[in-house]
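>>> the sequence and its predicted three-dimensional model are supplied below.
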Amino acid sequence: MTSFEIKSTLGIAFIYSLRMLGLFIVLPIMSLHLTDLSEYSSTFMIGLAFGMYGLTQALFQIPFGILSDKFGRKKMILIGLFIFLLGSIFIYFSQSLWMIIIGRGLQGAGAISAVLLALLADLTTDSARTKSMAIIGASIGLTFGISIVLSPILNSYLGFENIFLMIATLTIIAMGVLLKYIPSPINIEKNKENKTPFRQVIFDKVFLKLDLGIFSLHASQIIMFMMIPVMLNNIGYPIKYHWQIYLPVFVISILAIVPMILLSSKKQMLKIFFLGSIILLIIVQYLFMSWSDSKQNIMIILLIYFVGFNFLEATLPSLISKLSPKNLKGLVLGAYNTSQSLGIFMGGVLGGLIASQFGDHAIFIVSGLLLLIWFFAMIKFIFPTNKKDLVLKMNPKFFLQPQDLIDEIYNKINCLEFVEETLIFPSESYIIIKSKNDLILDQKKILKIIGEKNAIS
């Protein structure tokens, strides 16, 4: 990865993590807090509070994605962050369960996850994208780990409402990061108008398998964290000490997935690790039903869960972005993130209903069945290989030439049969040239057109 790609990835990872913080930070404490808040806090209502964030995310992901394809990624991200900010402030002033549910819905309406992933795909080469998406996935996992460790502590010292004031402050910081540190590409490509019907893209079998995966992954996550705090309480472990379980488990799991990610990239073992991770999550559901009667057992089960979850969370976005049509990334990733959000919503609502009607074990059975269906759907899935794109650090003087001359150079590059699109970043002095599938990019031809003296590296 180039310094340009690393800078872009870290900036987007920060903003993406903030969005997930709005979900994760309340997982260990919400069920207990809402039970104490109101006499009307039934299991269903608590599940609705968990899931409302996901429902509004699901409703707005595709519109945000489509609008970002048309009007630009950064504009839509800024609008989404502002809506998220309003939701966080609303929860801070909430005095009832229904107000919290509405505030969670407003938070979710700032549905920019798909737009962030589409922007990351714009700013990185295909070969670097797996690492970039892995960083995003790792940042989500890190956010998850930090959230479940700090949440009980923050709840004890700040209180439930003040946690959302903290999130609102971080949102303002994220807006500054977006405006100052995330570059805006000038996109020059062939056949810019993509006439592929939206319906055909969204309901493509390849994308549907990945959409099913992210749905199942997050539905099972919400189901688990409706029950885990209660389980720990039931074995005599108060909420303020839950971080002592989450922290070591999370750190070990992060160390465990690093070699998995490296091997899956270098040794073409992605399919083995991918399917293996799904199997781990299925095993976890069984273990929670039959082997969760002590602190040590729960820690072991959580370690298995985090290894599988964090690996899948890191690799799924990379797969979907690689396979997306170049002019419809916002749409495809919007559908993908809609599935993620529906999983969050259904995990909360369905989990609450099933637990209240059939008992705690029943929701783990449902979670396991969802993951099993996904496993069978992915057995014959063809995992894509990396393309060889080109990142050029340019001499800043190159961009000071007459615009007609620069445009002529870009047009010559795009006439090459192996070039799919060219992304230009004048303020950072970078050019990214992306190759077509199954074609080898000829760097010598490109440098001959640009002029070797203009390319620093």
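In hand now; what should we look at?

>>> just the helices in the stretch 101-250 of the chain please.
Along the stretch 101-250 of the chain, the segments classed as helices by DSSP state H, counting those that start in this stretch run 113-123, 126-157, 160-181, 198-202, 205-234, 243-266.

>>> turn those helices into JSON lines, columns for distance to residue 315 and mean pLDDT.
C-beta coordinates here come from the backbone N, C-alpha and C atoms, glycine included. Output for the helices of the stretch 101-250 of the chain, formatted as JSON lines (distance: least, C-beta to C-beta, whole Å; pLDDT from 0 to 100):
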{"stretch": "helix 113-123", "distance to residue 315": "13", "mean pLDDT": "85"}
{"stretch": "helix 126-157", "distance to residue 315": "7", "mean pLDDT": "75"}
{"stretch": "helix 160-181", "distance to residue 315": "25", "mean pLDDT": "87"}
{"stretch": "helix 198-202", "distance to residue 315": "21", "mean pLDDT": "76"}
{"stretch": "helix 205-234", "distance to residue 315": "10", "mean pLDDT": "88"}
{"stretch": "helix 243-266", "distance to residue 315": "7", "mean pLDDT": "83"}
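
>>> buried deepest among those, which one?
A comparison of the helices of the stretch 101-250 of the chain by mean neighbour count, using mean count of other C-beta atoms under 10 Å, puts helix 113-123 on top with a mean of 28.

>>> check which helices and strands that helix sits against.
Identification of packing neighbours for helix 113-123 by 3 or more C-beta pairs under 8 Å, 6 or more residues apart in numbering; DSSP states H and E yields helix 3-24, helix 43-71, helix 73-92, helix 126-157, helix 295-323, helix 329-358.

>>> so which of the ones you listed is the most packed in?
helix 329-358 (a mean of 24).

>>> what mean pLDDT does that one have?
For helix 329-358, mean pLDDT is 83.

>>> so how far is it off the chain centroid?
Relative to its chain's centre, helix 329-358 lies at 14 Å (C-alpha atoms, centre = their mean, to the nearest Å).

>>> remind me what that helix packs against, helices and strands.
Using 3+ C-beta pairs under 8 Å, 6+ apart, helix 329-358 is in contact with helix 43-71, helix 113-123, helix 198-202, helix 205-234, helix 295-323, helix 360-378.

>>> a markdown table for the helices and strands packed on helix 113-123, including distance to residue 454?
A markdown table is the format used below for these (distance: least, C-beta to C-beta, whole Å):
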| stretch | distance to residue 454 |
| --- | --- |
| helix 3-24 | 16 |
| helix 43-71 | 31 |
| helix 73-92 | 27 |
| helix 126-157 | 22 |
| helix 295-323 | 30 |
| helix 329-358 | 29 |
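
>>> just to revisit the earlier point, tell me which of the helices of the stretch 101-250 of the chain lies nearest to residue 389.
Closest to residue 389 of the helices of the stretch 101-250 of the chain is helix 126-157 (C-beta to C-beta; 5.0 Å).

>>> quick one: closest of the helices and strands packed on helix 329-358 to residue 447.
For residue 447, the closest of the helices and strands packed on helix 329-358 is helix 113-123, at 21.9 Å, according to C-beta to C-beta.

>>> kindly format the C-alpha coordinates of that closest one as PDB.
What follows is helix 113-123, C-alpha atoms only, in PDB (Å, rounded to 0.1, in the frame of the first residue of the first chain):
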ATOM      1  CA  SER A 113     -21.600   2.800   5.600                       C
ATOM      2  CA  ALA A 114     -22.000   1.900   1.900                       C
ATOM      3  CA  VAL A 115     -20.800   5.300   0.800                       C
ATOM      4  CA  LEU A 116     -17.700   5.000   2.900                       C
ATOM      5  CA  LEU A 117     -16.900   1.600   1.400                       C
ATOM      6  CA  ALA A 118     -17.500   2.900  -2.100                       C
ATOM      7  CA  LEU A 119     -15.200   5.900  -1.400                       C
ATOM      8  CA  LEU A 120     -12.500   3.500  -0.100                       C
ATOM      9  CA  ALA A 121     -12.900   1.400  -3.300                       C
ATOM     10  CA  ASP A 122     -12.400   4.600  -5.300                       C
ATOM     11  CA  LEU A 123      -9.200   5.600  -3.400                       C
END
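
>>> which stretches in the stretch 351-457 of the chain count as helices?
Under DSSP H, counting those that start in this stretch, the stretch 351-457 of the chain gives helices at 360-378, 403-414, 443-450.

>>> please identify the buried residues of the second one?
It refers to helix 403-414. Of the residues in helix 403-414, 409-410, 413 count as buried by neighbour count, 16 or more other C-beta atoms under 10 Å.
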